Structures are given as structure tokens and as C-alpha cells.
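[1] Following is a predicted model, sequence given first.
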Amino acid sequence: MKDKNSATPCTSVAVAGTALACLGVAAFSLTFPSTHWALSGFGAWSAVTVRAVLATAVAGAFLAAGRAKVPDREHWAGLAVVACGVVIGFPLLTTLALRTTDTSHAAVVVGALPLCTAVLAAVRTGARPSRTFWIAAVAGAAVVTAFSLGESGGAPTAGDGFLFASLLVCAAGYVEGGRLASVLPGWQVVGWALVGTLPLTLPAAVVSLSLEPVRLTGESVGGLVWVSVVSQFLGLMVWYRGMAAIGVTRASQLQLAQPVLTLVWSAALLGEHLGRATLPAALAVLVCVAVTQRSGARQAREVRRSRAAARARGAEAPDAGPEALRSGDAHEIVAHGDPRRRAPR
């Protein structure tokens, strides 16, 4: 009876974390259409730098209202990775790509992002997710990529170089941000990463606005506001909180649904045509997501049972070392770290 009651909080945390990660995916799915709108009135460099400055203003207000303390020096390197990958790298590279690439083609990068994130997370921690997990992850990425290419009639273009580079920097930012979210609230991870880039983004925004033409319309301003406030801060805030709850690897697989959502928004908001393959592809993606979630949940239950049995015998739970990573809940270790060393929230 005690074991059942003790499992309830774990289940609740997993459900809440999955819901937060899904909210993040929904917010991100509108990023490409919103960037398309922003580019109708702003230059690429202006859109990227003003986006970061506006997001920093919102983040700074949250940090001030929450009286957040400056992170310890040991976290600065990780925040720099988040800043370079998520605050500057991914927005810049994808915005440059969207000057010559439509949103449906750009969705290709999102199809490969979960797999890239999972690979970097495994390299970062030495984790070894199950074979079933990898099969489903690769299959899902392949389905999304093939669907996106087929819908756009895409072949490798000049913009693909920016898109492929954005994969690496964004995945690195996600992995490091997910790790930091275990010792800092997710909104502080994003907030401090944004604040740290302000000495670069503010003067860059001033210069860009003076050199590039600006045409203020409802679409351009609305798109810029969405990518600034939602995609750049609020979306990342709930995304990192979700990753801290369910793990980087499992959360990254939820992003397999993001390209399909992006294509839906592209059709509804931008008038792009969607072919008959949309629904079958969406169903295939959802199946792959379900398989990866089930695989990760099974490993998590096994590790929790082994730790509960050790505690029942009066023994100390095993360390989150290489053996635990290889045989247990790898994504939980990625997100939370060693619980004996984890700082209180």
C-alpha cells in the first residue's frame, strides 16, 4: 500500500511534466509561421536581435518580480551554452534560412531535432536508452523528414546549411537547459540566458534597425511579438520545466509532433497547401511518440522499483553512475542529476 501511495506523486509529476512539454511544443510550432510574418516587415538581423531584446525585457521583469538570485558561477558555462544555442544560434540560423525557404520545408529541421537532442543527451551523460526507444525515435524522425520534404517538394537548398547547423546548436541548448532546470527553475534558466546576451543583442538591434528597412504592419509586429514573448521566453520556460520533470530524452520525442503542427499552422495562417499525406503522417508520428514514451516509462518504473526495494532493505539507493545510466532511467538522470547533490528549488 505504501508503495502505491509513493508512486502517485511520481505519476503526477510525469503527467504534469508531459503537459508542460506539450505546451512548449505547441508554442514552438508557431515559431516558423510567426517568423515568416516578422520577415514581412523586418530584416533578418533586425528580427533576430529585436526578438532577443524584447524577450530579455519580459524575462528581466519575471526575474525582478521573483527576486531571482544571480546563478552560481558553476552554472555560467551551461547558461552560455543555452544562450548560444537557443537564444542566438537557433533563431538566427532559422531566420536566415526562412528568407529563401518556406515554412513547410523548414519543418524538416524540427523533424530531426528530437533525435539530435537525444543523441547529444546520451553523449553528455553516457546514457544508453533502450533499443526500442532508438528504433521509434529514428522511425519518427524519418517519417517527419520524409513527409516534410514530400510536402515542400524539397531538395537540398542553400538554406539547408543554416537549418542543419541550427540542429546542433539548438539540441546542445536543450540538453544543457534541461540539465540546469534540475537546479534552477526553468524560467530562470531561460531568463538568465537572455539577460546574459543583452550586451550583444541590444547594440546589434540598434545597428540592424538603422541599416535594414522596417515596415510596421499587423502581421510583422504580431509575428515579432509572438517569437519574442512566447517562442523565446514563455515557451522555453514551460519546455525546460517539462524536461526537468520527465527528462530530456523523453521530452525531446514529443517534438516529433511539432513539424506536423507547423504544417497545419502554415496552411491555416499562411495559406500553404497541405497534401493528402498530412493525416497519415500525423498518425505515424503520434505512434512513434507513444512508443518512445512507453519505452522510457517502463525503464523509469524498473529503476524506481529497484531503488524502493533497496530502501526497504535498509540499503542506500545506488548512485546515478554509469551502471545506473546504462541499465535504468537514463532520461531521469539527465534531467535531475544525482539527487544527493541536487540543490533545493
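    Thanks, I have the structure now.
[2] contacts and neighbour counts: CA atoms only from here.
    Noted.
[3] low pLDDT regions in the stretch 151-300 of the chain?
    Counting by pLDDT under 70, the ranges of the stretch 151-300 of the chain that qualify are 151-157, 248-249, 274-275, 279, 293, 296-300.
[4] in the host helix or strand of residue 92, what's buried?
    Assigned by DSSP states H and E, residue 92 falls within helix 90-97. Neighbour-count burial for helix 90-97 flags 90, 91, 92, 93, 94, 95, 96, 97 (criterion: 16 or more other Cα atoms under 10 Å).
[5] How about the secondary structure of residue 183?
    Assigned with DSSP: H, G, I helix; E, B strand; the rest coil, residue 183 falls in the coil class.
[6] Sorry, wrong one. I was asking about residue 129.
    Secondary structure, three-state DSSP: residue 129 is coil.
[7] likewise the one 4 residues further on?
    Put simply, residue 133 is helix when judged by three-state DSSP.
[8] how far away is it from residue 295?
    Residue 133 is 6 Å from residue 295, where distance means Cα to Cα, to the nearest Å.
[9] When the two are compared, which one has more neighbours?
    Of the pair residue 133 and residue 295, residue 133 is the one with more neighbours under other Cα atoms under 10 Å, namely 22 against 19.
[10] Let me know the pLDDT of the more buried one.
    The model reports residue 133 with a pLDDT of 81.
[11] what does the one 4 residues further on give?
    Residue 137 is assigned a predicted lDDT (pLDDT) of 81.
[12] what's the closest non-adjacent residue to it?
    The shortest distance from residue 137 to any non-neighbouring residue, by Cα to Cα, 6 or more residues apart in numbering, is to residue 115 (6.3 Å).
[13] Residue 223 contacts residue 35, doesn't it?
    Yes: with contacts counted by Cα atoms under 8 Å, residue 223 reaches residue 35, the gap being 5.9 Å.
[14] Between the two, point out the one with more neighbours.
    It is residue 35, of residue 223 and residue 35, that has more neighbours when counted by other Cα under 10 Å, with 30 against 25.
[15] which ones are touching that one?
    Neighbour list for residue 35: 95, 98, 223, 224, 227 [criterion: Cα atoms under 8 Å, 6 or more residues apart in numbering].
[16] where's it relative to residue 199, distance?
    Taking Cα to Cα, one finds residue 35 at 23 Å from residue 199.
[17] repeat for residue 13
    Counting by Cα to Cα - residue 13 and residue 199 are separated by 37 Å.
[18] And residue 256, by the same measure?
    Taking Cα to Cα, one finds residue 256 at 35 Å from residue 199.
[19] Mind checking which of those two has more residues around it?
    Each of residue 256 and residue 199 has its neighbours counted (other Cα under 10 Å); residue 256 has more, 30 against 10.
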